[in-house]
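Engineer: predicted model, plus sequence, below.
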Amino acid sequence: MMRRISLKHERVAAVLAREIRSGVVRRGAQLPGEVELARRFSVSRNTVRAALAVLAEDDLITTRTGKGSFVLFDGRPLDGRLGWTHALSEQGVETRMRTVRIALAQDPDLADRAGLESPDVIVIERVRQLTDGTAISLERSRIPALDALRDLPGRGLDNGSISTTLNRAGLYLDHCEQRLRGRPLSPGEAELLRRPEGAWFLHTTRTSWTADDRFAEYADELLDPEHYELSLSYGT
């Protein structure tokens, strides 16, 4: 009996997955409700729930409590390791970065966590915008105030890139620790992004290190969930 139920939900999941991957059901679209899907496939709602769980595990859909299931897959994974500008461009989304501030500051807490000898850091704040001016992220970075970087407030980033600037200072990103949650925008953040105060954004924090475990960057980013999503994969 258990095997027959498994076959039923696998069949439902396979059909829906094929429709999603082929583009019949596009990214952002809401799937029919459990009752309608159960009627379509002549199965129980429990079987539908099991099928939707399979799709969610495969990163094809997301289910929001009280709202339903929505398609995530569009055939073009967004890989932040390439850099957001490149990753978004690969998706056909052109953006530009507006630098808000580059300044020398002190962050004793970060210095303690990262094992820095000096609390001096370079603070870089940037807003990423679509070509129509819509702001989709606020990206705030702190990098060590090495001798080769202390003049950044006056000269700006090399080629507009933090990674390029770090590389020229001998810091090459190798591994990182990242955290993700959602939170509302503060009044100051809402003003910078030209969004309503309290609008819900993804909030990521990422600490990056070089291959020899030197601290390279602490990035605090607010990302518009309409344009960004994070996909995690685990393996043994």
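Structural biologist: Here it is on my side, so go on. It should be emphasised that the depicted structure is a prediction, and the values quoted were computed from it without experimental measurement.

Engineer: element containing H9, please.
Structural biologist: Assigned by DSSP states H and E, H9 belongs to helix 2-21.

Engineer: off-centre distance for that helix?
Structural biologist: 29 Å (CA atoms, centre = their mean, to the nearest Å).

Engineer: check which helix or strand R128 maps to.
Structural biologist: Per DSSP H and E: strand 120-130 holds R128.

Engineer: list of residues touching that strand?
Structural biologist: With CB atoms under 8 Å, 6 or more residues apart in numbering as the test, strand 120-130 has contacts from 84-85, 93-107, 110-111, 135-145, 149-150, 152-153, 157, 162, 192-193. All C-beta spots, glycine's among them, are computed from the backbone N, C-alpha and C.

Engineer: any idea of the mean pLDDT for the helix or strand following that strand?
Structural biologist: As assigned by DSSP H and E, the chain's next helix or strand after strand 120-130 is strand 135-144. Strand 135-144 shows a mean pLDDT of 94.

Engineer: packing partners of strand 135-144?
Structural biologist: strand 120-130, helix 162-168, helix 187-193, strand 215-223 (3 or more CB pairs under 8 Å, 6 or more residues apart in numbering; DSSP states H and E).

Engineer: what about 10 Å?
Structural biologist: In terms of contact count using 3 or more CB pairs under 10 Å, 6 or more residues apart in numbering; DSSP states H and E, strand 135-144 is assigned the packing partners helix 84-90, strand 95-106, helix 108-114, strand 120-130, helix 162-168, helix 187-193, strand 200-209, strand 215-223.

Engineer: domain map for the chain?
Structural biologist: Using automatic domain parsing, the domain parsing of the chain gives 2-71, 80-223.

Engineer: looking at these, which has the lowest confidence?
Structural biologist: With a mean of 81, domain 2-71 has the lowest mean pLDDT of those.
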